[in-house]
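Undergrad: Quick one, what's the 3D model for this:
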Amino acid sequence: MNLLKTATKWLQAFRPQGPNRGPSMYRATPWLRNSRINYAEEVGDPWNNSIVATCIQRKATMLQDLELIVQKWNPAKNQWNRAQGPQVAQAVNVFNHPNDYYNGNALIAGLILSLDTRGHSFLFKRRDNAGRLIGFWYMPHNWTQILSDRDNPDGLKLITHYRYVAYGAGPVDLNYEDVLMTRNGIDPLDVRCGFSPLYGQLREVSADNQASGWLDTLLRNGATGAHVMTPETVPPGGTAPTPQQMRDMRDLINETILDARGQAVYLPFPSKINPLTFSPKDLDLGAIRSIPTDRICAALGGDPMAFGLPSSSKTYANLAEALDALGNLTVLPMARDMAAQWSQQILPEFGMDPAMFRYAWDTSAVSWLADETNARDENNRANFLAGIIDRYRAKEVMGETPESTDKGVTYFDLQARASGIGAPADTAKKQGLSDWAIRMGEANRKRLENAGRTPGIVTHKVTRDKLAQSTHNRNINKMDRAMMNAFDDYKAGKLDIEGLKSELTQAIYDTHKVQYTLGLQTGGATPTTDQVANFTKTTTDVEQEFLLGFLQDIEDGRYNGDDGSLDIEGALRQRAGLYSLKTSSSASAGFIAAGTPDEKYDWQLGVAEHCPDCLYIASLSPFDDSTAFTHPREGNTVCLGNCKCRWVRVSDGLSPFGPVE
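TA: Below is the predicted model of the structure:
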């Protein structure tokens, strides 16, 4: 056995064994693998490093934005609700107003510093004369030691008491019950302690300190590194400089560099200066410092840009993502872990069982969560409007306390009530329903009753056919371009009114044809030539009646601009767009026609405000091919071609055609 192994074995004989022995103020071993340097000693207090201090301050500032609250478990609703009452207020107040000398924000900052640099933190519990908890004192971790050797003969108590060195006083032993200890995980070398994320980065912290010190020293020395001065060859008849002369010249150069940068230096004899260290350019100091910065910041939970530090990956586009990641992946989990530990140790002091009560954080007013909160609320609203969730769940997501009467109440129910759906025809008329919707709806309701079916709004998840929707959109856009080109030719004199009519009619015919065919194919049917031709001819004939009125308005100058020529943009383009949008209804018609006689379809309301007609039609669902008296964007409803609804096939939830996206 060589000398090193012998010494190692001898030292291990004195190493504390088990969890209940030895000191806990500092980590058991500061040594890193493949190194003979004690980096813990080199680093000293980690918070004195500029990167560590910046990261801790940013995390503390973000955590201070959270509002500490107490929640109570509601077994009836299977959820946590915000608790109220004098005991709850006191349980929160001990953290918000810990003592007369500093507030809760300062307390949180101290906690974060200890958790990040040592892995655990300590708060001494302030009590009144009756022994009730009224606040805290922050106990620096480097002045506090965990002990396990009092009233612990069998060694089963992990911690029995703490030893604290107070300001201007000697060590004081504190009972376990009088100290709130918050830990970050468990240190495998001493399970009584938490684990600091900086343990594995001590070498990087030391490297950053060295780089910072080297740069400071370099600038103090006139931005020149260490160098050696040697006399040149002594000329014939000359005398070599004495050692004292060389020392005097060294001092002269150093004083000139330090105190009179830029001044000339007179050397009384020929000399040569040889550099011993690299220059800043040779070292590429920026790249050298970025490596420790990245790793230290990663250990503390974020990208350097999120902490306000220089980052090679920083852009305006990803800065928000870095801040979001820091908040959601680091600060919030840390806050929740702290709250869980406090719940176990503090709430019993106020008569609250941790099984029924817990500390939590209200994030509703947190600025750095604003975008996420807005996105969550918008998604929640979309789900509610689409009928995916009821009002009970929508309130839960928003953090409000729902009532039992909210269960099963969908957006469609609320809209239906507001629109008078299900009421007599005269009442429905007063709610804004069109005569057409009332007439068709009542007729359809009777057909459903005769068939033994009860209409009602059916909501379920739908399956989108993105390829069909994309083709549907392209067909509409193609028709829109064809119509605009025809108007351009008419304005330029290339077409007369009859030629314009012919071009528009052809565009209408072609687009309804391809849309109907697309609908049949998407629904699973094989289109036949006669089936497509008959539908397209009938639809185009109907459109001709409206087209003639449109062309007459063009001839009458209704769409002319101030210069007397046709103003293609504006009102004319909007009216022409209705013809393009209406072809969407042909795709829906083909989709319905593709089904079997027993296939059922629901009128699914889109994520938007709805006209009374669409709400009324939705209330009559489900439909089949014989009872579907209109289609989304066919132009019969009050919302015309702007309708946001779609058909959903009940059997498989397929819903291929929605509004143009």
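Undergrad: all contacts plus neighbour counts: C-alpha atoms, from now on.
TA: Fine.
Undergrad: In three-state terms, how would residue 145 be classified?
TA: Secondary structure, DSSP: H, G, I helix; E, B strand; the rest coil: residue 145 is strand.
Undergrad: Which strand residues bridge it?
TA: Residues in a beta bridge with residue 145, per DSSP bridges, are residue 163.
Undergrad: didn't it look like it was pressed against residue 163?
TA: Yes: contact status for residue 145 versus residue 163: in contact at 5.0 Å, counting by C-alpha atoms under 8 Å.
Undergrad: The two: which is more packed in?
TA: Between residue 145 and residue 163, counted using other C-alpha atoms under 10 Å, residue 145 has the larger neighbour count: 20 against 16.
Undergrad: Relative to residue 40, how far out is the more buried one?
TA: Counting by C-alpha to C-alpha, to the nearest Å, the gap from residue 145 to residue 40 is 18 Å.
Undergrad: try residue 510
TA: Distance from residue 510 to residue 40, by C-alpha to C-alpha: 79 Å.
Undergrad: These two: which has the busier surroundings?
TA: Set side by side, residue 510 and residue 40 show more neighbours around residue 40, with 20 against 16, by other C-alpha under 10 Å.
Undergrad: just checking, the more buried one touches residue 202?
TA: Yes: assessed by C-alpha under 8 Å, residue 40 is found in contact with residue 202 at 6.6 Å.
Undergrad: can you pull the pLDDT of residue 294?
TA: The model reports residue 294 with a pLDDT of 84.
Undergrad: what's the neighbour count on it?
TA: Counted by other C-alpha under 10 Å, the residues lying close to residue 294 total 20.
Undergrad: Let me see the contact set for the spatially closest residue to it that is not a sequence neighbour.
TA: Once flanking residues are discounted, residue 294 sits nearest to residue 304: 6.2 Å by C-alpha to C-alpha, 6 or more residues apart in numbering. For residue 304, the contacting residues are 293, 294, 297, 298, 310, 311, by C-alpha atoms under 8 Å, 6 or more residues apart in numbering.
Undergrad: For residue 166, see how far away residue 304 is.
TA: Counting by C-alpha to C-alpha - residue 304 and residue 166 are separated by 36 Å.
Undergrad: Ok, residue 552 next?
TA: Residue 552 is 95 Å from residue 166, by C-alpha to C-alpha.
Undergrad: re the thing from before, can you name the two of the contacts of residue 304 that are farthest apart?
TA: Spatial extent of the contacts of residue 304 (C-alpha to C-alpha) is set by the pair 298 and 310 at 13.6 Å.
Undergrad: How about the helix or strand hosting residue 522, which residues are buried there?
TA: Using DSSP states H and E, residue 522 falls within helix 497-523. By 16 or more other C-alpha atoms under 10 Å, the buried positions in helix 497-523 come out as 500-501, 503-505, 507-523.
Undergrad: Check which helices and strands it sits against.
TA: Helices and strands touching helix 497-523, by 3 or more C-alpha pairs under 8 Å, 6 or more residues apart in numbering; DSSP states H and E, are helix 466-491, helix 529-555, helix 571-593.
Undergrad: Let me know the average pLDDT across the first one.
TA: Model confidence over helix 466-491 averages 91 on the pLDDT scale.
Undergrad: Then the last one?
TA: This predicted structure assigns helix 571-593 an average pLDDT of 90.
Undergrad: Past it, which element shows up next along the chain?
TA: For helix 571-593, the following helix or strand on the C-terminal side (DSSP H and E) is strand 601-604.
Undergrad: got a list of contacts for that following strand?
TA: So strand 601-604 is contacted by 457-459, 592, 617-618, 621-624, 645-650 (C-alpha under 8 Å, 6+ apart).
Undergrad: got it, and stretch 566-574?
TA: 484, 487, 488, 491, 554, 557, 559, 560, 561.
Undergrad: What of stretch 347-355?
TA: With contacts defined as C-alpha under 8 Å, 6+ apart, stretch 347-355 is touched by 87, 88, 90, 91, 132, 133, 343, 344, 357, 358.
Undergrad: try stretch 199-211
TA: Residues contacting stretch 199-211 (C-alpha under 8 Å, 6+ apart): 39-40, 42-43, 46, 49, 285, 288-289, 291-293, 295-296, 299.
Undergrad: Out of those residues, which one has the lowest pLDDT?
TA: Scoring the contacts of stretch 199-211 by pLDDT puts residue 285 last, at 61.
Undergrad: Include mean neighbour count and distance to residue 83 when you put the helices and strands packed on helix 497-523 into CSV, please.
TA: Shown next, in CSV, are the helices and strands packed on helix 497-523 (neighbours: other C-alpha atoms under 10 Å; distance: least, C-alpha to C-alpha, whole Å):
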stretch, mean neighbour count, distance to residue 83
helix 466-491, 18, 47
helix 529-555, 14, 63
helix 571-593, 22, 52
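Undergrad: Generate JSON lines for those helices, with distance to residue 602 as supplementary columns.
TA: Formatted as JSON lines, the helices and strands packed on helix 497-523 follow (distance: least, C-alpha to C-alpha, whole Å):
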{"stretch": "helix 466-491", "distance to residue 602": "18"}
{"stretch": "helix 529-555", "distance to residue 602": "23"}
{"stretch": "helix 571-593", "distance to residue 602": "11"}
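Undergrad: For residue 318, which of those is the nearest?
TA: The minimum distance between residue 318 and the helices and strands packed on helix 497-523 falls on helix 466-491, with 29.4 Å, by C-alpha to C-alpha.
Undergrad: Which elements pack onto the closest one?
TA: Checking 3+ C-alpha pairs under 8 Å, 6+ apart, helix 466-491 ends up next to helix 497-523, helix 571-593.
Undergrad: Switch these over to TSV, and while doing so, append distance to residue 600 to every line.
TA: Shown next, in TSV, are these (distance: least, C-alpha to C-alpha, whole Å):
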stretch	distance to residue 600
helix 497-523	12
helix 571-593	9
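Undergrad: I am finished for the moment; much appreciated.
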